[in-house]
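Trainee: missing the sequence, but the structure's below:
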């Protein structure tokens, strides 16, 4: 039992990719053990939320380089103009390319200036004419600089008595003004803040699954609560809309589609019409609120009616098969229908983390939900929110209610004319 | 079966889910003062939290930003010939509209302006929580435009220079202007869209002043000191005005002691839908 637990723990660590593969070299066994211990401790810190793990393009400042001058680049090589520092992001882009090079490979041309690698200091008795670029090191200024000063991965220190005639810019560094004179502007641009990634850590798939599940369950409960309210206080309207969906699904879908397209133009016309009329402008806030409310009621109510129709169809089929379903009613129809419509979202919540398949499930869920909501909205529009029964298959024209119609109306699935003892034999006629 | 479930659980726990982290950067800009006597400052800040206050006399201005790399880029442009500076953030035009949530880190801006130069200040704010202290500056003119913001603009101490005009335009906003008596502005214009507004006329009035106030829809509160005579010319439509204690002459209301007051403030007030409340300061 214990062996199995240890094996599981190791497999868990291996699954997370936090244990490095063991080296076959016995001389490195100590290093491997120390590395594994460090990894496990890092893993524990991560679980406790103390890890220093960062994601995103966070650039840590490299170690300072050996001070040296950077040679000029070839004519087609990298040229950095430091005469205008008002676009530090552009300058940073070029300097990142330079700083990523090995020290021996660095070549850059600074028009009217010089470039240095590593820490650099302008002595109090020194006066430098031209711009100065310092990469991977701090710039200490005690003397005079007739130009702009830029550091990349380094700070700028302007000491008392120092004079810089132009601008200073510290990319991934700070300007420390210790009493010197800076004729231009001093700017700093940090690297991407590392605490950001820590503040918004990516969720693990388990956490994301739980979050999605909570969302799906929450939406289901909210819709169920709305459905119960609708069934309790507007059952007749709900049933008429539901019957409209069942009886005229295609027509309801097309109507819903047209309704969606016309929602915004209608809203615009409403607003313009009210604004143009003197009295109507007073009604504008209320009209806007009512319109938005009506759209929401139409979509949500229509969706619930579709769920009701689905649940009713399913339940009647079960009844027809002789399966005892209890006392079927609107509440049960709604519940069954909502479970059915939520099923795909539930699948997405559980397996949304699976590459490709998760996206496909989500796309299918969105598409089907939109189809149902569109049909529901259309049914709500066709039936005027459940007031008109024209498309619900309920109204039979009075002229159709003839004796022949009533006599030939199918009962329990079997036409009366074909029942034993009825039809042609009963009337004594031969076919 | 049990092993499969455990393996699935382990994979779920350790497999990082997709989700891009918000990338924030810090930017700062500052300029020492080298004899400048006037500065026209334009400040743009679209979203986040802004603090503006007087800075040291040795510096003309300073700006410290924490901004969203994806949506904005910093601005710091100084024109020594024209004596203008443009500070703040401009949109990168990417990412569209981001609906903010608690999980998103907030952009911040801290601006300090020199109290030693005459200042023409033009501030454009978007969805911003702004805290602007203008007392102690040498404000020559002021223009503030806010969108869906919550802005507190204060003159806690007197303006060091006379101010010709202050224009504040608010959209759907919650705006509080306090200590307007310290502003030393000859004319103050406030235009509010939807929301709430507080105009606090406390402070040391050194001259008479005119206020043009219009509020489309919402609640406007006038906080008035008793030692200043206030005349309100009211144009209201579907609005209420708490006029108890005022002397009314047609659409004009005079505060008690208006005729004998040493300093007078004339308010032209226009409201469409909403309430105008009056609070008297002791």
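Mentor: Perfect, thanks for sending it. Keep in mind the model is a prediction, meaning the values are calculated, not measured.
Trainee: packing partners for the longest strand belonging to chain B?
Mentor: When chain B is parsed with DSSP state E, its longest strand is strand B:263-281. Counting contacts by 3 or more CB pairs under 8 Å, 6 or more residues apart in numbering or on different chains; DSSP states H and E, strand B:263-281 packs against strand B:209-225, strand B:228-236, strand B:239-241. Bear in mind the C-beta positions are built from the backbone N, C-alpha and C, glycine included.
Trainee: flag every buried residue along it.
Mentor: B:263-267, B:269-272, B:274-276, B:278 (16 or more other CB atoms under 10 Å in any protein chain shown).
Trainee: let me know the pLDDT of the nearest residue to residue B:72 once chain neighbours are set aside.
Mentor: Using CB to CB, 6 or more residues apart in numbering or on different chains and skipping the chain neighbours, the partner closest in space to residue B:72 is residue B:89 (4.2 Å). You'll see residue B:89 listed with a pLDDT of 95.
Trainee: in the stretch 251-400 of chain A, what residue lies closest to chain B?
Mentor: In the stretch 251-400 of chain A, the residue found nearest to chain B is residue A:353; the distance is 6.1 Å by CB to the nearest CB.
Trainee: quick check: residues of the stretch 51-200 of chain B near chain A?
Mentor: B:66, B:69, B:73, B:74, B:76, B:77, B:78, B:103, B:104, B:105 (CB under 8 Å from any CB of the partner chain).
Trainee: ok, the buried residues of strand B:263-281 vs chain A, which is closest?
Mentor: Distances from chain A to those, taken by CB to the nearest CB, are shortest for residue B:272, at 9.7 Å.
Trainee: re the thing from before, what angle do the longest strand of chain B and strand B:228-236 make?
Mentor: 80 degrees (axes from the mean of the first three to the mean of the last three CA atoms, to 10 degrees).
Trainee: please name the bridge partners of residue B:277.
Mentor: residue B:221 (DSSP bridges).
Trainee: quick check: pLDDT value at residue 3.
Mentor: No chain in the question, so chain A it is. At residue A:3, pLDDT is 46.
Trainee: not quite, I wanted chain B
Mentor: 57.
Trainee: what's opposite the residue positioned nearest the centre of chain B in the beta bridge?
Mentor: Centroid-nearest residue in chain B, with CA atoms, centre = their mean: residue B:151, separated by 4.4 Å. For residue B:151, the beta-bridge partners under DSSP bridges are residue B:130, residue B:175.
Trainee: may I ask you to confirm that it is in contact with residue B:132?
Mentor: Yes. The pair residue B:151 and residue B:132 passes the contact test of CB atoms under 8 Å, sitting 6.9 Å apart.
Trainee: give me the neighbour count for residue A:108.
Mentor: Residue A:108: 22 surrounding residues under other CB atoms under 10 Å in any protein chain shown.
Trainee: isn't it up against residue A:133?
Mentor: Yes. If you go by CB under 8 Å, residue A:108 and residue A:133 touch, sitting 7.3 Å apart.
Trainee: spit out the residues that contact the two alike.
Mentor: A:70, A:80, A:115 (CB atoms under 8 Å, 6 or more residues apart in numbering or on different chains).
Trainee: helices of the stretch 1-150 of chain B, start to end?
Mentor: B:2-14 (DSSP state H, counting those that start in this stretch).
Trainee: show me the shaky parts of it.
Mentor: B:1-22, B:94-104 (pLDDT under 70).
Trainee: swap in 50 and give it another go.
Mentor: By pLDDT under 50, the low-scoring segments of the stretch 1-150 of chain B are B:11-19, B:97, B:99-102.
Trainee: what about the strands in it?
Mentor: Taking DSSP state E, counting those that start in this stretch as the criterion, the stretch 1-150 of chain B carries its strands at B:24-32, B:38-54, B:59-68, B:72-79, B:84-91, B:108-113, B:118-133, B:138-146, B:150-154.
Trainee: anything in contact with each of residue B:151 and residue B:132?
Mentor: residue B:144.
Trainee: thinking again about what came up before, in JSON lines: the helices and strands packed on strand B:263-281, plus mean neighbour count and mean pLDDT.
Mentor: Formatted as JSON lines, these follow (neighbours: other CB atoms under 10 Å in any protein chain shown; pLDDT from 0 to 100):
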{"stretch": "strand B:209-225", "mean neighbour count": "20", "mean pLDDT": "92"}
{"stretch": "strand B:228-236", "mean neighbour count": "19", "mean pLDDT": "92"}
{"stretch": "strand B:239-241", "mean neighbour count": "17", "mean pLDDT": "82"}
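Trainee: now these as a markdown table including distance to residue A:212?
Mentor: As requested, the helices and strands packed on strand B:263-281 are exported to a markdown table (distance: least, CB to CB, whole Å):
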| stretch | distance to residue A:212 |
| --- | --- |
| strand B:209-225 | 40 |
| strand B:228-236 | 52 |
| strand B:239-241 | 49 |
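Trainee: for those, which one sits closest to residue B:58?
Mentor: Comparison of these against residue B:58 by CB to CB identifies strand B:209-225 as nearest, at 32.7 Å.
Trainee: before we move on, the earlier item: can you flag which of the shared contacts of residue A:108 and residue A:133 belong to strands?
Mentor: residue A:115.
Trainee: which of the shared contacts of residue A:108 and residue A:133 lies closest to chain B?
Mentor: residue A:80 (19.5 Å).
Trainee: can you get me a residue count around the closest one?
Mentor: Neighbour number of residue A:80 under other CB under 10 Å is 18.
Trainee: next up, phi/psi of it, please.
Mentor: Dihedral angles of residue A:80 (phi, psi; degrees, to the nearest 10) stand at phi -120, psi 120.
Trainee: separation between it and residue A:183?
Mentor: 21 Å (CB to CB, to the nearest Å).
Trainee: residue A:246 now?
Mentor: Relative to residue A:183, and taking CB to CB, residue A:246 is found at 81 Å.
Trainee: with residue A:102 instead?
Mentor: For residue A:102, the distance to residue A:183 equals 35 Å [CB to CB].
Trainee: name the residue in these two with the higher neighbour count.
Mentor: residue A:183 (17 against 7).
Trainee: tell me which residues touch the more buried one, please.
Mentor: A:163, A:164, A:165, A:166, B:32, B:34.
Trainee: by neighbour count, which of the residues you listed wins?
Mentor: residue A:164 (26 neighbours).
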